[in-house]
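Enquirer: When you get a sec, could you give me coordinates for this:
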Amino acid sequence: MKLSLVKKAGIAAVEELLNLRERKQLENTIYRVYVPFSHQHEQWVNKLFDLSFLIGNGFDVLAKAAKDADSVTSYDLAQTWADQFGFDNEHGSALIEEATGIAEEFLKAFLQEFKYNQATRLKTDVVATLNRARAPTESKLAAV
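Expert: Model prediction:
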């Protein structure tokens, strides 16, 4: 059975909205982790391991980590950070080595915050579903 163009467009629009919602959630998680991180590591913020990097070039690495934490390492995030400077292999390797520790710290905090947010959202969704399920029953009982 073929979908009409209108249905396909509708499905694409819904998928795009879900992607935007997911991106916004990830950006909010990055921001919540970044604020205390930036106060503790001003020297790294000055080295452009900053919010613009994390929601820019670093976003895809963090999004991939959010989907599968084992698929991303601190080295991947450090390499993405170093790549923005366009140095040759020798200088790039030194930058990656220097940044791996701080990337590990940020990635660990990010994943912890992301998991906490997921658990909180799940709990909220379950409570809302239970409340919706109870509402018709309670209103029927009140009518009796």
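Enquirer: so where is this protein shaky, pLDDT-wise?
Expert: Judged by pLDDT under 70, the chain has its weakly predicted residues at 1-18, 121-144.
Enquirer: Show me the helices in this protein, by range?
Expert: Assigned by DSSP state H, the chain shows helices spanning 5-40, 42-46, 51-54, 59-67, 74-83, 89-143.
Enquirer: counting contacts, what elements does the fifth one pack onto?
Expert: Of the remaining helices and strands, those touching helix 74-83 by 3 or more C-beta pairs under 8 Å, 6 or more residues apart in numbering; DSSP states H and E are helix 59-67, helix 89-143. Any C-beta I mention is one placed from the backbone N, CA and C, and that applies to glycine too.
Enquirer: how many other residues sit next to N57?
Expert: Around N57 there are 15 other residues, counting by other C-beta atoms under 10 Å.
Enquirer: actually A103, not the one I wrote
Expert: 26.
Enquirer: wait, it sits on V72?
Expert: No: with contact defined as C-beta atoms under 8 Å, A103 does not reach V72; the gap is 10.0 Å.
Enquirer: From A94, how far off is the residue most central in space within the chain?
Expert: By C-alpha atoms, centre = their mean, the chain has its centre lying nearest to L26, at 2.7 Å. L26 sits 30 Å away from A94, going by C-beta to C-beta, to the nearest Å.
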